[in-house]
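Peer 1: structure for the following, please:
(one chain, ligands or ions: 2)
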Amino acid sequence: MPRATVDINPGQRPDEDPSLAVRNNGGVPPSADPAPAGRREALLVLSFGGPEGHDDVMPFLENVTRGRGVPRERLEEVAEHYHHFGGVSPINDQNKALIAAVEADLAAAGVELPVYWGNRNWAPFVEDTWQQLADDGIEHVYVLATSAYASYSGCRQYHEDIARARVATGGGPTAEKLPHYFDAPGFVQANADALAAAIATLPEELRGTARLVATAHSIPDTMAAVAGPGGHAYEAELTTAAQLAVDAAAPGRSFDLVWQSRSGPPSVPWLEPDVNDHLRALAAAGEQAVVLFPVGFVSDHLEVVWDLDNEARETAEELGLAFARAATAGTHPAFVRSLVELLGERRAGGEPRLGTNCPASCCFVAPRRPGAA
Ligand SMILES: CC1=C(CCC(=O)O)c2cc3nc(cc4[nH]c(cc5[nH]c(cc1n2)c(C)c5CCC(=O)O)c(CCC(=O)O)c4C)C(CCC(=O)O)=C3C
Ligand SMILES: [Fe+2]
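Peer 2: Ligands and ions are numbered 1, 2, ... in the order given. Alright, predicted model coming up:
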């Protein structure tokens with residue numbers, strides 16, 4: 001069969017061109033009916049992907065930033081972060097661990113469902129996994145994206161990945177993406193447990209007064225403005241997730257939500273303040289200790305182990321601030337349980353929620369056209 005091509009990036013809003021609306025689940029409208037008996041189903045863990053060695057780093061970064069207007073200098077800077085870890089992203093081992101934990105939870109619950117893995121930017125590429133799903137006779141796939149939140153990068157782009165994979169495969173299984181899980185009880189519990197554990201690592205006299213600082217990946221202001229059906233859902237969902245974690249781990253305490261890992265040309269505004277600037281402001285205001293909790297990430301991505309554990313920690317040291325960094329959800333058993341429950345909800349025909357069923361223009365960001373300034 002000839003491989004079809006798809007123009008994913010016409011630079012036009014989906015509400016101006018209805019053909020773009022089919023990005024939702026790769027063009028398959030989610031159904032509120034229970035899975036038909038006998039349908040062959042699978043779970044696909046769909047992730048970002050990351051390099052496996054020095055030689056992978058630049059080709060990987062070129063995949064990530066194609067059409068996104070990220071300056072070469074920024075790529076070279078981020079490449080150094082990867083090279084610092086042997087050119088190996090931590091994300092692949094973390095995805096393997098998550099898949100093993102989900103498989104074990106499914107098996108313990110007596111659910112027979114194969115689990116597959118595919119990525120947007122590096123092997124195993126989702127297009128290849130989709131071909132495997134088709135070859136294995138899978139008819140329908142539930143997609144668990146490794147982001148808990150709204151936004152183009154964290155939600156819509158995963159719908160586009162599904163659409164691209166379905167086109168590349170000439171169809172294959174139908175698909176539905178699981179909803180955003182920022183407020184799933186197990187995600188909250190994992191973050192709350194980690195926050196409590198991080199606070200407990202500080203010297204006793206600082207535990208009660210340390211500033212609690214939630215962090216998430218910064219995104220361009222324009223991307224934030226269109227996240228979710230009414231806009232700004234990325235910030236709103238992050239605020240909710242951070243609040244729920246603080247309510248459980250340190251009831252009554254306040255927290256700040258700040259941003260990290262800004263990319264893009266300096267002329268383009270992204271969400272602020274940056275975590276390092278925020279630490280400077282806290283020190284200037286007389287604070288003595290901080291606990292960072294990267295609630296915006298589901299596992300210890302490179303942004304966490306580099307931008308927080310190296311850069312932000314160094315900033316805090318220079319400022320004389322005591323510093324602790326909370327773990328991410330990773331494979332916390334409550335988190336894994338919640339993911340499997342979300343899957344069960346979809347299989348039982350629960351009303352599709354945001355992330356499964358996204359309005360046509362939700363999170364849509366026009367890419368930069370080649371040659372555009
Ligand atoms: C919101 C968000 C998430 C969270 C949601 C989710 O998890 O999906 C996320 C995750 C990740 N981002 C990652 C890596 C990168 N992101 C980049 C660039 C960008 N990220 C953006 C946003 C996000 N990114 C944006 C708006 C850009 C600018 C280019 C563009 O508009 O797309 C670049 C290019 C270099 C740079 O400029 O930093 C890299 C290398 C990795 C892998 C890390 C590892 O290897 O452990 C992960 C999980
Ligand atoms: Fe990113």
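Peer 1: in stretch 246-266, what counts as buried?
Peer 2: Residues of stretch 246-266 classed as buried by neighbour count (16 or more other Cβ atoms under 10 Å): 246, 248-250, 255-264. For the C-beta atoms, the positions are set from N, CA and C on the backbone; glycine is no exception.
Peer 1: what's the mean pLDDT across stretch 333-353?
Peer 2: Per-residue pLDDT over stretch 333-353 has a mean of 95.
Peer 1: where does the residue in the stretch 201-350 of the chain positioned nearest to ligand 1 fall, phi/psi-wise?
Peer 2: Relative to ligand 1, the nearest point of the stretch 201-350 of the chain is Ser263 (2.8 Å; Cβ to the nearest ligand atom). Phi and psi for Ser263, reported as degrees, to the nearest 10, are phi -120, psi -160.
Peer 1: quick one: pLDDT of it?
Peer 2: 91.
Peer 1: and Phe85, by the same measure?
Peer 2: 97.
Peer 1: show me where pLDDT drops low in the protein?
Peer 2: 1-23, 368-373 (pLDDT under 70).
Peer 1: near ligand 1, which residues of it show up?
Peer 2: 48, 50, 61, 64-65, 68, 70, 74-75, 78, 89-91, 146-147, 151, 153-154, 217, 219, 263-264, 301-303 (Cβ under 6 Å from any ligand atom).
Peer 1: show me these that map onto helices.
Peer 2: Leu61, Val64, Thr65, Arg74, Leu75, Val78, Ile91, Leu302 (DSSP state H).
Peer 1: can you say which two of those are spatially most distant?
Peer 2: Arg74 and Ile91 (19.0 Å; Cβ to Cβ).
Peer 1: more neighbours: which of these two?
Peer 2: Higher neighbour count among Arg74 and Ile91: Ile91, with 24 against 16, using other Cβ atoms under 10 Å.
Peer 1: wait, that one touches Gly50, no?
Peer 2: Yes. Ile91 is in contact with Gly50 according to Cβ atoms under 8 Å; the separation is 4.1 Å.
Peer 1: tell me, what's touching the two both at once?
Peer 2: Contact with both Ile91 and Gly50 is made by residues Leu302, according to Cβ atoms under 8 Å, 6 or more residues apart in numbering.
Peer 1: can you list contacts of stretch 196-211?
Peer 2: In contact with stretch 196-211 (Cβ under 8 Å, 6+ apart) are residues 212, 249-250, 255-256, 282, 287-293, 322, 324-327.
Peer 1: in space, what's closest to the residue nearest in space to the middle of the chain - neighbours in sequence excluded?
Peer 2: The centre of the chain sits closest to Ser147, judged by Cα atoms, centre = their mean, with a distance of 2.4 Å. Spatial nearest neighbour of Ser147, chain neighbours left out: Gly154 (3.5 Å); criterion: Cβ to Cβ, 6 or more residues apart in numbering.
Peer 1: what sits against the one you found?
Peer 2: Ala145, Ser147, Ala148, Tyr234.
Peer 1: which two among those residues are spaced furthest apart?
Peer 2: Pairwise over those, using Cβ to Cβ, the maximum falls at Ala145 and Tyr234, 14.1 Å.
Peer 1: sec struct for the residue of the chain positioned farthest from its centre, please.
Peer 2: What lies farthest from the middle of the chain is Glu205; by Cα atoms, centre = their mean that is 35.2 Å. Per DSSP: H, G, I helix; E, B strand; the rest coil, the local secondary structure of Glu205 is helix.
Peer 1: out of the contacts of stretch 196-211, list just those in helices.
Peer 2: Per DSSP H, these map to helices at Ala249, Leu282.
Peer 1: phi and psi next, for the closest residue to Gly26 other than its chain neighbours.
Peer 2: Excluding the flanking residues, the one nearest Gly26 by Cβ to Cβ, 6+ apart is Ile162, at 3.7 Å. Here is the backbone geometry of Ile162 (degrees, to the nearest 10): phi -60, psi -50.
Peer 1: what about Ile162, how many residues nearby?
Peer 2: 29.
Peer 1: what's the closest of the contacts of Gly154 to ligand 1?
Peer 2: Ser147 (3.5 Å).
Peer 1: so for Ala145 and Tyr234, which sits in the more crowded spot?
Peer 2: Ranked by neighbour count (other Cβ under 10 Å), Ala145 and Tyr234 place Tyr234 first, with 29 against 25.
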